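J.: Okay, here's the prediction I keep looking at, along with the sequence it came from:
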Amino acid sequence: MTEKNVVTAIRDALHDEMAQDERIVLLGEDVGARGGVFRISDGWVAEFGERRVIDTPLAESGIVGVAIGMALHGLLPVAEIQFADFIHPAFDQLVSEAARLRYRSNGDFGCPIVIRTPYGGGIHGALYHSQSIEAYYAHVPGLKVVAPSTPADAAGLLRSALRDPDPVMFLEHKKTYRAIKGDVPDTYFTTPIGRADVKREGTDLTCVSYGYALHQCLDAAARLEDDEDVSVEVVDVRSLAPLDVSTILESVRKTGKAIVVYEDNRTYGAGAEIVATIAEQAMFDLDAPPTRVGGPDIPAMPFAAPLEHYYLEPEPDHIYRRMRELAAF
Amino acid sequence: MSTQVAETPHGALGLSGEDLVAMYRSIVTARLLDEAALRQNRMGRAPFVVPGAGHEGCQIGTAWAMRRGVDIWLPYYRDLGVVLVAGMTPVEVFLGVFAKAEDPSSGGRQMPSHWGSRRLGIISGSSPIATQVPHAAGIAYAVKYREEDAVVGCWFGDGATSEGDWHEGLNFAGIHRLPVVFVCENNQYAISVPQSKQMAVKDVAVRAEGYGFPGVVVDGNDVLACYAAMRKAHERARAGEGPTLIECKTYRYLPHTSDDDDKSYRSREEVEEARHRDPVVQFGRYLTEHGVIDEAGDEALRIEVKTKIESAIQAAWEAQDPEPESALRHVFEEPT
């Protein structure tokens, strides 16, 4: 085991995969000489060459479209979109092309691409460096969407994404990059896509989350246990699509209460799908209405510190408070 | 003999009389098949078809310079002629027209003319315009990366050249000097919008300069001119000299699709005038003038093609429909 932060875990996993498999190429803005704005590929041009670490023009649709072409002809491209906020021009390539190639060709073609992109806020990123984009893509059949929250999951899921025969959106929460550290096995391992992970066991209520919010939930759960002896089980979905419904339901059936916490805007977010699934399939195991804690429905996370803080915590310690309310219901 | 051949335009291009007859058979097949598909639509047997009449000259001409089994084809939905040259058969085309289970492009999932076949190297296409252009660049990058000899051919209409993806794809191909040929079948309309409202330039081809590679204009109704331009571009690509943009000036004789009414945006006189430069008629005349085929031979060829198309329609019509529940398959790779 080695303790790493999330960005180092991603860097190491991708580096080792590239070293082992010549089919893998990395393309995106500033991934070459600059080594990526988060330094994922620092020094890789020297190590792997410009033909494998490709600085692209500033054109996101083109980046994804070119990656799709590469995947159609034997390569395993990893397309880096510098910030998830800038992925929107590539929506058509992702939804109309990558997601549909296999389906529209009746299984004749596949599209093994990985789209890596930093998302999420809390880093003074304002309206265009803080967005959560997972809900747009988790809605699309044909795309897999993963959002790891720990260094080990990031490494393991990235390896699985690279081995997946279908397109995978690999979402990296920027605030976890350096803030979250954890042990990563030194031996080779993968983390399966579509499998949730119980990050903290508990008996009184189930908290479902992912990304940086998961760590806020773990923190709140620990304090609630200390303060009031409330036992919260925290489930990290890790994959938004496909969603591991059985792990979520198993936990909810055990605790009888469910809260879903996510940073994205509340309405039509991942929480809506997860709560609806719980309501449909575990209604009679519930002792309280399932509840959502999402970001406010404003266009984005504003820049000024008080405004950004308000987005992330509209009332003081709100996740803790909502868990406490649910436990007392 | 060789001196004699070299004196003709086709001889200078290295094409024999047999080559010309084969090309002519393809161009006639494209036209007659197009007409037959539209008839099936009017008979109520095909809900939607995409006519291509008028485009056959540039389609057959450019596609003819490609190599089956080696090169990679990214046609757009009007490219019946291109996919015929790539190896798709009339039966396969009609399996798509009737949306049958064995439709090689999509098993009846897509509208007709959304071509695709892994076996033939035809990359599956969609309806959004110009999305295949960055794919062509990416495939060409992989070809170069893997040090293969293949050339990527990418076809589209004039309308596609307004899309961001078109510019992004050409730009990437230019930067990396990729082995790809971009072919614009400029029929002067993006459905109803005339070229004057699509761009402020006379020739699409000039846009290539912005991406650092040659753009050439050819008469899209002249099969041999299109072949010559494509052959040169193909050689350039194989020699590592990078992409070429070929603009074929042509015209679409029929509406955009079976659901379009072109009377609302262009005059009958304009369409009739364009028909005077029909690529099928002109190519037939060339063959006759050069003694490659005579009237009787032409008639026999047409009868042969018609018969083949009629039996293709019959076979495709009788083929199995897709199983309803198969709609759920192939969202992701299936476990083997």
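T.: Yep, it's here.
J.: And A:Arg51, its phi and psi?
T.: Dihedral angles phi and psi of A:Arg51 (degrees, to the nearest 10) take the values phi -70, psi -20.
J.: What about the closest residue in space to it that isn't next to it in sequence, how many residues nearby?
T.: In space, and not counting its chain neighbours, A:Arg51 is closest to B:Tyr145: 6.1 Å by Cβ to Cβ, 6 or more residues apart in numbering or on different chains. C-beta: built from backbone N, CA, C; applies to glycine. When counting by other Cβ atoms under 10 Å in any protein chain shown, one arrives at 20 neighbours for B:Tyr145.
J.: B:Tyr145 against A:Val25, yeah?
T.: Yes: taking contacts as Cβ atoms under 8 Å, B:Tyr145 lies within contact range of A:Val25: 7.3 Å.
J.: and for these two, which residues touch both?
T.: Common neighbours of B:Tyr145 and A:Val25, counting by Cβ atoms under 8 Å, 6 or more residues apart in numbering or on different chains, are A:Arg51, A:Met70, A:Leu75.
J.: My guess is the first one contacts B:Ala142. True?
T.: No: no contact is recorded between A:Arg51 and B:Ala142 when judged using Cβ under 8 Å, the distance being 10.8 Å.
J.: more neighbours, those two?
T.: A count of neighbours by other Cβ under 10 Å puts B:Ala142 above the other of A:Arg51 and B:Ala142, at 25 against 12.
J.: Just the element for A:Pro289, please.
T.: Using DSSP states H and E, A:Pro289 maps to neither a helix nor a strand.
J.: How about B:Trp238: what's its closest non-neighbour residue?
T.: Quick fix: residue B:238 reads Arg, not Trp. B:Val151 (6.0 Å).
J.: who's in contact with that neighbour?
T.: B:Met66, B:Arg67, B:Val70, B:Asp71, B:Ile72, B:Val143, B:Pro179, B:Val180, B:Val181, B:His234, B:Ala237, B:Arg238.
J.: A helix includes the second one, no?
T.: No: when classified by DSSP: H, G, I helix; E, B strand; the rest coil, B:Arg67 is found to be coil rather than part of a helix.
J.: those helices in the stretch 51-200 of chain B, which residues are they?
T.: B:56-63, B:80-86, B:90-97, B:132-145, B:164-175 (DSSP state H, counting those that start in this stretch).
J.: Looking at the ones you listed, which is nearest to A:Asp92?
T.: A:Asp92 sits nearest to helix B:164-175 of all the helices of the stretch 51-200 of chain B, at 7.7 Å, using Cβ to Cβ.
J.: number of nearby residues for A:His215?
T.: Counted with other Cβ under 10 Å, A:His215 comes out at 20.
J.: C-alpha coordinates for the helix or strand it falls within, CSV please?
T.: Secondary structure assignment for A:His215, by DSSP H and E: helix A:211-228. The C-alpha trace of helix A:211-228 is given here as CSV (Å, rounded to 0.1, in the frame of the first residue of the first chain):
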residue,chain,number,x,y,z
GLY,A,211,-17.6,12.5,-5.4
TYR,A,212,-16.5,15.1,-3.0
ALA,A,213,-19.9,15.2,-1.3
LEU,A,214,-19.2,11.6,-0.1
HIS,A,215,-16.4,12.9,2.1
GLN,A,216,-18.7,15.5,3.6
CYS,A,217,-21.2,12.7,4.3
LEU,A,218,-18.5,10.5,5.9
ASP,A,219,-17.5,13.5,8.1
ALA,A,220,-21.0,14.2,9.1
ALA,A,221,-21.7,10.5,9.8
ALA,A,222,-18.6,10.3,12.1
ARG,A,223,-19.7,13.3,14.1
LEU,A,224,-23.3,12.1,14.4
GLU,A,225,-22.1,8.8,15.8
ASP,A,226,-19.9,10.7,18.3
ASP,A,227,-22.5,13.3,19.2
GLU,A,228,-25.7,11.3,19.3
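J.: Give me the buried positions along that helix.
T.: By 16 or more other Cβ atoms under 10 Å in any protein chain shown, the buried positions in helix A:211-228 come out as A:Gly211, A:Tyr212, A:Ala213, A:Leu214, A:His215, A:Gln216, A:Cys217, A:Leu218, A:Ala220, A:Ala221, A:Arg223, A:Leu224.
J.: just the residues you listed now: which is nearest B:Lys100?
T.: A:Gly211 (45.5 Å).
J.: residue contacts, the closest one?
T.: Contacts of A:Gly211 were listed using Cβ under 8 Å, 6+ apart, and they are A:Tyr119, A:Gly120, A:Ser132, A:Ala147, A:Ser149, A:Leu171, A:His173, A:Thr176, A:Tyr262, A:Glu263.
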